[in-house]
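K.L.:
With the input below, show me the fold.
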Amino acid sequence: MATLQLNIEQVISLVKQLAVPEQRMILQAIKAEQDAWWQSRLDDGELQMRSLSASRGLNWDIMTEQEREYFIDDLMHESK
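P.N.:
Predicted coordinates for the structure are as follows:
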């Protein structure tokens, strides 16, 4: 299968030629990709926080929001 090489301006121009409902479909598809990427980052970050807290004898899942904030603040000040 051949691959079409387009620059961003060409892609934008092609999308603008579509009817509004099709443009909306493209935006929804892009947003779904972005949401999935963001959720993956959040999940990875939460796993890291669980691991870091466990390594210090803490349980991330039972910590209050304030305890989590203090924990993160302590982590940030450790690296300085």
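K.L.:
Longest helix in this protein, by number of residues?
P.N.:
helix 20-55 (DSSP state H).
K.L.:
Distance check, the residue nearest the centre of the chain against Ala32.
P.N.:
With distances taken as Cα atoms, centre = their mean, Trp38 lies nearest the centre of the chain, 1.7 Å away. Distance, Trp38 to Ala32, by Cβ to Cβ, to the nearest Å: 11 Å. The way it works is simple: take the backbone N, C-alpha and C, and place the C-beta from them, glycine included.
K.L.:
for Val11, same thing?
P.N.:
With Cβ to Cβ as the criterion, Val11 and Ala32 are 18 Å apart.
K.L.:
wait, what's in contact with Gly57?
P.N.:
If you count contacts by Cβ atoms under 8 Å, 6 or more residues apart in numbering, Gly57 has none.
K.L.:
Does it belong to a helix, a strand or coil?
P.N.:
coil (DSSP: H, G, I helix; E, B strand; the rest coil).
K.L.:
Below-threshold pLDDT in this structure: ranges please.
P.N.:
Across the chain, the ranges flagged by pLDDT under 70 are 79-80.
K.L.:
didn't Ile26 look like it was pressed against Gln17?
P.N.:
No - Ile26 lies out of contact with Gln17 (Cβ atoms under 8 Å); the separation is 11.6 Å.
K.L.:
Show me which of the two is the more surrounded one.
P.N.:
Ile26 (13 against 9; other Cβ atoms under 10 Å).
K.L.:
check which helix or strand covers the residue nearest to the more buried one when sequence neighbours are not counted.
P.N.:
Excluding its sequence neighbours, the residue lying closest to Ile26 (Cβ to Cβ, 6 or more residues apart in numbering) is Val15, at 5.9 Å. For Val15, the enclosing helix or strand under DSSP states H and E is helix 8-16.
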